[in-house]
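Engineer: model the following, please.
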Amino acid sequence: MPELPDVLLYVHALERRLVGRELLGLRLRGPSLLRSVEPPLEAGLGRRFVGVRRLGKRIALACEGQLFYVIHPMIAGRFQWRPAEAGLGKIVHLAFDLGGTPGAEPATLLLTEASKQKRATLHVVSGEDALAAHDPGGLDVLAADLSAFRARLQDAKHTLKRALTSPRLLDGVGNAYSDEILHAAQLSPFKRIASLSDAEWVTLHAACQEVLSGWSERLIAEAGNAWPSKVTAFRPEMAVHGKAGQPCPRCEAPVQRIRYAKNEANYCAACQTGGKLLADRALSRLLKDDWPKTLEELKRLPGRGKR
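Structural biologist: The predicted structure follows:
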């Protein structure tokens with residue numbers, strides 16, 4: 001699922017291209033995307049787009065008269081910018097056919113979803129109050145100072161991993177960037193919020209801002225004037241996310257991965273857990289006493305820690 005840096009990348013790209021264009025046509029492939037009936041989907045026809053907003057991981061396309069198309073891309077939803085009246089391929093949900101602007105030809109904005117499970121959503125809403133109802137309420141990490149950050153999280157009876165990825169606590173952080181934040185902060189994903197020291201609060205807050213702002217700026221700079229072609233939860237330059245078995249860039253110990261429920265956590269045991277291996281709910285129960293509990297025990301097993 002696109003997370004904060006990728007959503008900001010889309011907002012940046014859309015603001016430069018969409019604002020000022022008139023909505024000439026809408027082509028909806030099927031009913032699964034649209035989750036509202038009033039106002040109707042066609043309410044924006046003939047209006048110009050005046051802005052693009054982010055609500056957590058949702059993107060709101062604002063038209064004249066406070067009409068908003070609120071899109072949640074979920075895991076596989078992506079935007080594509082195409083020439084005017086581009087065709088609807090198999091994975092296209094919706095096409096916004098757009099008029100031109102001075103110096104820019106008419107164009108089409110596509111929303112695609114390359115998945116059999118159609119989870120992306122679109123709501124058409126009128127007015128600021130209706131738009132606010134789609135905001136999950138998470139704290140804007142990039143704008144929050146340490147005291148606001150701590151106040152939002154400290155009463156949560158969660159692990160750090162769960163707290164960072166809760167949309168009602170923090171704004172736009174998901175599985176990938178929570179891994180990167182906790183690695184940067186050198187904190188265990190399963191450390192409890194209540195056990196953080198004052199120094200660890202400072203470190204965690206700084207890591208959140210540095211990782212998220214750093215990646216946001218990097219992705220926008222790399223895209224330049226081009227449309228974002230690669231919006232993904234994994235990037236080769238990441239430190240631990242998606243890097244199980246590869247050397248930690250800080251200490252070169254093998255990165256570990258555990259799966260739990262429908263999620264996973266990637267971490268460096270040497271940097272984040274004092275050499276202790278976290279228990280994978282499925283595999284550790286299967287291996288029981290044979291489950292390695294430290295990096296030293298893991299090194300003695302075949303494969304040398306490539307889990």
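Engineer: the protein - how does it break down into domains?
Structural biologist: According to automatic domain parsing, the chain comprises the domains 4-132, 139-307.
Engineer: will you turn the ones you listed into JSON lines that also has mean pLDDT?
Structural biologist: Converted to JSON lines, the domains of the chain look like this (pLDDT from 0 to 100):
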{"stretch": "domain 4-132", "mean pLDDT": "96"}
{"stretch": "domain 139-307", "mean pLDDT": "89"}
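Engineer: export those to CSV and append columns for mean neighbour count.
Structural biologist: Just so you know, the C-beta spots here come from the backbone N, C-alpha and C atoms, and that holds for glycine as well. Output for these, formatted as CSV (neighbours: other Cβ atoms under 10 Å):
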stretch, mean neighbour count
domain 4-132, 17
domain 139-307, 17
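Engineer: grab the nearest non-local neighbour of Arg82.
Structural biologist: Ranked by Cβ to Cβ, 6 or more residues apart in numbering and with sequence neighbours excluded, the top spatial neighbour of Arg82 is Thr108, at 4.7 Å.
Engineer: my read: that neighbour touches Ala84, true?
Structural biologist: Yes: judged on Cβ atoms under 8 Å, Thr108 makes contact with Ala84 at a distance of 5.8 Å.
Engineer: for the stretch 101-250 of the chain, what spans make up the helices?
Structural biologist: Secondary structure of the stretch 101-250 of the chain by DSSP state H, counting those that start in this stretch: the helices cover 128-132, 146-153, 160-164, 175-185, 198-223.
Engineer: could I get the ones you listed as JSON lines with distance to Ile91?
Structural biologist: Shown next, in JSON lines, are the helices of the stretch 101-250 of the chain (distance: least, Cβ to Cβ, whole Å):
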{"stretch": "helix 128-132", "distance to Ile91": "28"}
{"stretch": "helix 146-153", "distance to Ile91": "37"}
{"stretch": "helix 160-164", "distance to Ile91": "31"}
{"stretch": "helix 175-185", "distance to Ile91": "22"}
{"stretch": "helix 198-223", "distance to Ile91": "22"}
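Engineer: of these, which is nearest Glu15?
Structural biologist: Glu15 sits nearest to helix 198-223 of all the helices of the stretch 101-250 of the chain, at 11.2 Å, using Cβ to Cβ.
Engineer: can you name the element that comes right after the closest one?
Structural biologist: Sequence-wise, the next helix or strand downstream of helix 198-223 (DSSP states H and E) is strand 255-260.
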